[in-house]
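next comes the sequence, and after it the predicted model I'd like to discuss.
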Amino acid sequence: MEAATRTPYAVAARELLRDTLIDAASDLLRERDWSDITMADIARAAGVSRQTLYSEFGSRAAFAQALFIREADRFLTDVELAVSSNLDDPTNALAAAFDVFLTAAADHPLIRSVVSGDGNESLLPYVTTQGQPVVGVAAERLSAVISAGWPRVDRDAIDLLSETVVRLAISYAALPTGPANMTATSVATLLGPYLREVVAEAERDG
């Protein structure tokens, strides 16, 4: 019997430190705007030194980017469930996934901080002009979710859809135009036929 693969202590310790620091920032964002939170505040809330925080992330900008990436990954856990619960109808899967993401984003302090402005303009580039790392991680995760649901679908088609959906989701989350369920329905109306067709084509070819 093979021994279970163990995460090396150094790796586990670093992951715990990063999660603790990001959790501390998320908690502070529930009380204050990003512009009012210093790196020293985050370090203090996490119970570490300011130098430890900078040693791990390098800069405030790098920390903000890591914060966005971690929270996007958490959103996509719920998206995965929404997709897997609607595998019989690709259009419904897309609508449910979009609805789940936008609903969670609307209640999230980080996204509210971006949307509110109020001196938080420094966060906006992480979902716009400097948003590629966030988009890349989220699109890759969404591609994996869709591939798991419909494994026969061409990966290039999935990657194209995933990046498009992620970019739209971030845009709508940062600049809402209406209730999440209405937006989700509109997006599914436009993109649902594409997903439905590539799924049907994969089933015909399979």
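The structure has been received and is ready for your questions.

buried sites along the helix or strand of the chain with the lowest mean pLDDT?
Using mean pLDDT, DSSP states H and E, helix 109-116 stands out as the lowest-scoring helix or strand of the chain, at a mean of 72. Buried residues in helix 109-116, defined by neighbour count with 16 or more other Cβ atoms under 10 Å: P109, L110, I111, S113, V114, V115. Every residue, glycine included, has its C-beta placed from N, CA and C.

before we move on, what about stretch 69-78?
Burial within stretch 69-78, assessed by neighbour count using 16+ other Cβ under 10 Å, is assigned to I69, R70, E71, A72, F75, L76.

where does G58 fall, phi/psi-wise?
phi 90, psi -40 (degrees, to the nearest 10).

burial count for it?
When neighbours are defined as other Cβ atoms under 10 Å, G58 has 11 of them.

could you do A180 as well?
With other Cβ under 10 Å as criterion, A180 counts 20.

sorry, back to before: closest to A82 out of the buried residues of helix 109-116?
Ranked by distance to A82 (Cβ to Cβ), these are led by I111 at 18.0 Å.

ok, that closest one - contacts?
Counting by Cβ atoms under 8 Å, 6 or more residues apart in numbering, I111 touches A105, A173, A174.

one more time with 10 Å
I111 sits next to 29, 68, 71, 75, 102, 104-105, 123, 127, 170, 173-174, 176 when contact means Cβ atoms under 10 Å, 6 or more residues apart in numbering.

again, but for D154
S147, L160, V198, E201, A202, D205.

try it again at 7 Å.
By Cβ atoms under 7 Å, 6 or more residues apart in numbering, D154 lies in contact with V198, A202.

angles on the backbone of it, please.
When read as degrees, to the nearest 10, the backbone of D154 gives phi -60, psi 130.

what's the burial count for A46?
A46 is flanked by 20 other residues according to other Cβ under 10 Å.

close enough to count as contact, it and D19?
No - using Cβ atoms under 7 Å, A46 is not in contact with D19, being 9.7 Å away.

what helix or strand is the spatially most central residue of the chain on?
Nearest residue to the geometric centre of the chain (Cα atoms, centre = their mean): A72, 1.7 Å. Using DSSP states H and E, A72 maps to helix 60-84.

packing partners for that helix?
Counting contacts by 3 or more Cβ pairs under 7 Å, 6 or more residues apart in numbering; DSSP states H and E, helix 60-84 is packed against helix 9-29, helix 90-107, helix 132-149.

remind me which residues of the chain are low pLDDT?
Within the chain, the set of residues satisfying pLDDT under 70 comprises 1-4, 115-122, 124, 126-131, 206.

got the domain boundaries for it?
With automatic domain parsing as the criterion, the domains of the chain are listed as 1-58, 60-205.

and the shortest one, how far from the chain's centre?
Relative to the centre of its chain, domain 1-58 is centred 18 Å away, using Cα atoms, centre = their mean, to the nearest Å.

likewise the longest one?
Using Cα atoms, centre = their mean, we find the averaged C-alpha position of domain 60-205 to lie 7 Å away from the chain's own average C-alpha position.

sounds good, over and out.
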